[in-house]
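>>> Please work out how this folds:
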Amino acid sequence: MIREKTIVLGVTGSIAAYKAVELASKLTQEGARVNVVMTTSAQEFVTPMTFRTVTQQPVVTEMFDIASEISAAHIALAERADVVVIAPATANVMAKLACGIADDMLCCTVLATKAPVIVAPAMHANMYENHATQENVSKLKARGFTFVGPAYGRLAGGASGLGRFAEIGEILGTIHQVLGRGGDLAGRRIAVSAGGTREPIDPARVIGNRSSGKMGYAIAEAARDRGAYVVLVSAPTALNPPVGMEVVQVETTIQMRDAIVNATAQADALIMAAAPADFRPVATAESKIKRKGETITLELVENPDILGEVRSDLARVGFAAESENVVENATEKLKRKNLDLIAANDITATDSGFDVDTNKVVLIDRDGNVEDLPLLSKYEVANRILDKVVELLPKESV
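So this is what the prediction gives:
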């Protein structure tokens, strides 16, 4: 969890330094205390005032008197940090850290901290691929540093190659993952399904539904953030694959069933947030069906019940998207599917259900206990569900 965590953000002299402003802003919006440390060269690209404005925290630079104010600052930051993130990280800074050189505030802080360190390189491809740089990367990884990126893409100066600063979402996901180590789901394997499956009618058309996958993705991310090893089985969505988990992409319900059965072989819990299609065409046309001004008949057959084919000795959570009699219908589904917990929501309610970032659900367990949650973000709903999952898991191995 990022809220109320202290994140030391080291910014070095790369053109990508301007992107660190967005990273600092998003971390602050999530409730973290962000202390920025800038090298002298970083200040040639972005001013300290910019970071101070978005974080509402003082920015540490090389401009202070080393004999007075700054002399103990690196120790204070190092001890206070829950994680240190160097983004962007230049080849020069990585070389100094690999060699244990502490001649600036950032390197002093990193060498003095016991917090995990995340490095997001950004440089020209030739510099990154140079043997010396790769040797330094290997040294830092061996010391426990976590690397995110670089990515392949267009670089400063117009060239393309491996050295582009990682996407902000990827860095954020990595920070969440690192901070989640040791959470209440550490050591657990959680399988999560998400999205709506598609059953092909012909090469151009499918039977589908309105599921966006947002709820399942939020559950997967929340489980990751609490330390779990997550396998996300995802039907097609418009969402970016989350960082720090195994993602299995599927399209049809049968493909999802096979992936879920495989993912739950050694799992502690299964959370079925996907919306698998209940029916599929008996036959799929080999070529696109043309309009002829007449009706056509589409013969359907039932898809397999995924929950009916997975182990019954793991914690099982399902979802019920209902348009009426929400609690009654969800309770019936919980019993029929042999679930430990079901999250039910009224898909006709405002700001709840498909393709929105919020959800209002009712949690019902196998003992008949009903908890009506207020309208929450899907990530918050995910954590409320995971609170229940933690209670379902055997206490001796939590």
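
>>> switch to C-alpha atoms for all contacts and neighbour counts from now on
OK.

>>> Give me the distance between the residue nearest to Y229 when sequence neighbours are not counted and Y128.
Taking CA to CA, 6 or more residues apart in numbering as the measure, Y229 lies nearest to R189, with 4.8 Å between them; neighbours along the chain are not counted. R189 sits 35 Å away from Y128, going by CA to CA, to the nearest Å.

>>> try K96
Here the criterion is CA to CA. By it, K96 lies 15 Å from Y128.

>>> Those two - which one has more neighbours?
Between K96 and Y128, counted using other CA atoms under 10 Å, the more crowded position is Y128 (21 against 15).

>>> Let me see the contact set for that one.
By CA atoms under 8 Å, 6 or more residues apart in numbering, the contact set of Y128 is A91, Q134, L162, G163.

>>> Can you give me the neighbour number for the first one?
Read that as A91. Counted with other CA under 10 Å, the neighbours of A91 add up to 23.

>>> Where does the residue lying closest to it once chain neighbours are set aside sit: helix, strand or coil?
In space, A91 comes closest to T133 once its chain neighbours are excluded; the distance is 6.4 Å by CA to CA, 6+ apart. Following DSSP: H, G, I helix; E, B strand; the rest coil, we place T133 in the helix state.

>>> T133 reaches T90, doesn't it?
No - distance between T133 and T90: 9.9 Å, which falls outside the contact criterion (CA atoms under 8 Å).

>>> If you count surrounding residues, which of those two has more?
Using other CA under 10 Å, the more surrounded residue of T133 and T90 is T90, with 23 against 19.

>>> And that one, how close does it get to L155?
Distance, T90 to L155, using CA to CA: 14 Å.

>>> if I look at those two, which residues touch both of them?
Taking CA under 8 Å, 6+ apart as the contact criterion, the residues that touch both T90 and L155 are M123.

>>> so which strand or helix has V247?
Assigned by DSSP states H and E, V247 belongs to strand 246-249.

>>> Could you pull out the buried residues of the helix or strand that comes right after that strand?
Moving toward the C-terminus from strand 246-249, the first helix or strand encountered (DSSP H and E) is helix 253-263. In terms of neighbour count (16 or more other CA atoms under 10 Å), helix 253-263 has its buried residues at T253, I254, M256, R257, A259, I260, V261, A263.

>>> which element is the nearest residue to the last one once chain neighbours are set aside on?
Yep, that's A263 we're talking about. For A263, ignoring the flanking residues on the chain, the nearest one in space by CA to CA, 6+ apart is A191 at 6.1 Å. Counting by DSSP H and E, the secondary-structure element that holds A191 is strand 189-194.

>>> centre of the chain versus that strand, how much separation?
Here the centre of strand 189-194 is set off from its chain's centre by 13 Å, with CA atoms, centre = their mean, to the nearest Å.

>>> Give me the mean pLDDT for it.
Looking at strand 189-194 alone, the average pLDDT works out to 96.

>>> ok and it relative to helix 253-263, angle-wise?
Compare the direction of strand 189-194 with that of helix 253-263 by axes from the mean of the first three to the mean of the last three CA atoms, to 10 degrees and you get 170 degrees.

>>> Mind jotting down where the helices sit in the stretch 251-398 of the chain?
Remark: helices assigned in the stretch 251-398 of the chain by DSSP state H, counting those that start in this stretch are 253-263, 326-336, 378-392.

>>> Out of those, flag the one nearest K114.
helix 378-392 (28.2 Å; CA to CA).

>>> got the angle between that closest one and strand 189-194?
For the pair helix 378-392 and strand 189-194, the angle between their directions (the same axes, to 10 degrees) equals 140 degrees.

>>> Give the burial count for the residue lying closest to D278 once chain neighbours are set aside, as a bare number.
Closest residue to D278 apart from its sequence neighbours, by CA to CA, 6+ apart: N303 at 5.3 Å. The local packing count at N303 equals 17, with neighbours defined by other CA under 10 Å.

>>> Also V361?
Look at V361: counted by other CA under 10 Å, it has 26 neighbours.

>>> does it really touch N345, like I thought?
Yes - look at V361 against N345 with CA under 8 Å: they come within range, at 4.5 Å.

>>> if we can go back for a sec, okay, now the sheet partners of the strand holding V247, with direction.
Paired with strand 246-249 in the same sheet, following DSSP bridges, are strand 229-234 (parallel).

>>> thought L339 was touching F319?
No - if you go by CA under 8 Å, L339 and F319 don't touch, sitting 9.9 Å apart.

>>> CA atoms only for stretch 380-398 - export them in CSV, please.
The C-alpha trace of stretch 380-398 is given here as CSV (Å, rounded to 0.1, in the frame of the first residue of the first chain):
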residue,chain,number,x,y,z
GLU,A,380,-11.1,-0.2,-2.5
VAL,A,381,-13.8,-2.9,-3.2
ALA,A,382,-11.0,-5.3,-4.1
ASN,A,383,-9.3,-4.8,-0.7
ARG,A,384,-12.6,-5.3,1.1
ILE,A,385,-13.0,-8.6,-0.7
LEU,A,386,-9.4,-9.5,0.1
ASP,A,387,-9.9,-8.8,3.8
LYS,A,388,-12.5,-11.6,3.7
VAL,A,389,-10.2,-13.9,1.7
VAL,A,390,-7.5,-13.5,4.3
GLU,A,391,-10.0,-14.6,6.9
LEU,A,392,-10.9,-17.7,4.8
LEU,A,393,-7.3,-18.9,4.5
PRO,A,394,-5.8,-21.3,7.1
LYS,A,395,-4.4,-19.2,9.9
GLU,A,396,-1.4,-21.4,10.7
SER,A,397,0.1,-20.6,7.3
VAL,A,398,-0.9,-16.9,6.9
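
>>> Next one, pLDDT for I15 please.
Looking at I15, its pLDDT stands at 92.

>>> quick one: contacts for it?
Contact analysis of I15 by CA under 8 Å, 6+ apart lists F45, A156.

>>> so where does it fall, helix or strand?
Per DSSP H and E, I15 falls between elements, in no helix or strand.

>>> ok, so what distance separates it from D225?
Shown here: I15 relative to D225, a distance of 30 Å by CA to CA.

>>> N240 and E167, how far apart?
Distance of N240 to E167, computed by CA to CA: 11 Å.

>>> Spatially nearest residue to A102, not counting backbone neighbours?
Taking CA to CA, 6+ apart as the measure, A102 lies nearest to C108, with 4.8 Å between them; neighbours along the chain are not counted.

>>> All set, thanks.
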